[in-house]
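Asks: Predicted model, plus sequence, below.
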Amino acid sequence: MNTNFPYELDEFQKKAFEALENENSVLVTAPTSSGKTLVAEYAIGKALEETKRLYYTAPIKALCNQKFRDFSKQFGEENVGLVTGDHSIRRDSKIIVMTTEVLRNMLYTTSGVPEDLYCVVLDEIHFLYFKFYIVSTSIKSIKYSKKNLIIRIYFDWITIFF
């Protein structure tokens with residue numbers, strides 16, 4: 001995966017990229033506008049490079065719609081789909097943007113997680129009610145948020161970089 005950018009990466013981005021290269025889970029917590037999305041975009045690039053799937057989740061449909069439009073422009077419309085409670089566009093695409101609720105419902109079905117799933121990105125995870133949404137799975141996840149508190153919740157099962 002190309003990591004040549006026209007600017008210097010922050011240390012947390014370098015460590016997150018390295019963790020993804022080593023097939024580790026990543027939790028990124030950083031201030032707003034500090035470059036967390038770049039880690040998600042790197043994961044999307046890796047998934048496409050390896051011809052695998054990636055699920056990008058957000059807690060609200062408005063953010064899902066925004067990311068769907070952004071990622072469709074960035075990674076090609078043919079590669080990006082959208083699944084929310086009331087919309088489904090290109091649901092067989094390699095990159096699926098969905099609400100977190102849709103992901104939760106998928107995990108409880110008999111089909112579960114596809115074999116070719118590279119990872120799941122949970123954006124704005126601090127909006128979630130944890131007792132309801134945390135599901136024990138073996139999938140690699142990237143979780144990022146502005147709330148450092150979340151680190152305590154995931155500390156025992158995810159690699160953490162600051």
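Replies: Received it, and whenever you're ready, just let me know what you need.
Asks: For stretch 26-33, give the mean pLDDT please.
Replies: The average of the pLDDT scores along stretch 26-33 is 79.
Asks: for stretch 104-118, same thing?
Replies: Stretch 104-118 comes out at a mean pLDDT of 78.
Asks: in that stretch, what's buried?
Replies: Neighbour counts over stretch 104-118 (16 or more other C-beta atoms under 10 Å) mark R104, M106, L107, V113, L117, Y118 as buried. In this view, the C-beta of every residue, glycine as well, is placed from N, C-alpha and C.
Asks: all helices for the protein, in order.
Replies: Under the criterion DSSP state H, the chain contains helices at 11-21, 36-49, 61-75, 100-107, 130-133, 150-154.
Asks: Quickly compare these and say which is most buried.
Replies: Compared across those, helix 36-49 shows the largest average neighbour count, a mean of 20 (mean count of other C-beta atoms under 10 Å).
Asks: ok and that helix relative to helix 61-75, angle-wise?
Replies: On the basis of axes from the mean of the first three to the mean of the last three C-alpha atoms, to 10 degrees, helix 36-49 is oriented at 60 degrees to helix 61-75.
Asks: what about A58, distance to E115?
Replies: For A58, the distance to E115 equals 24 Å [C-beta to C-beta, to the nearest Å].
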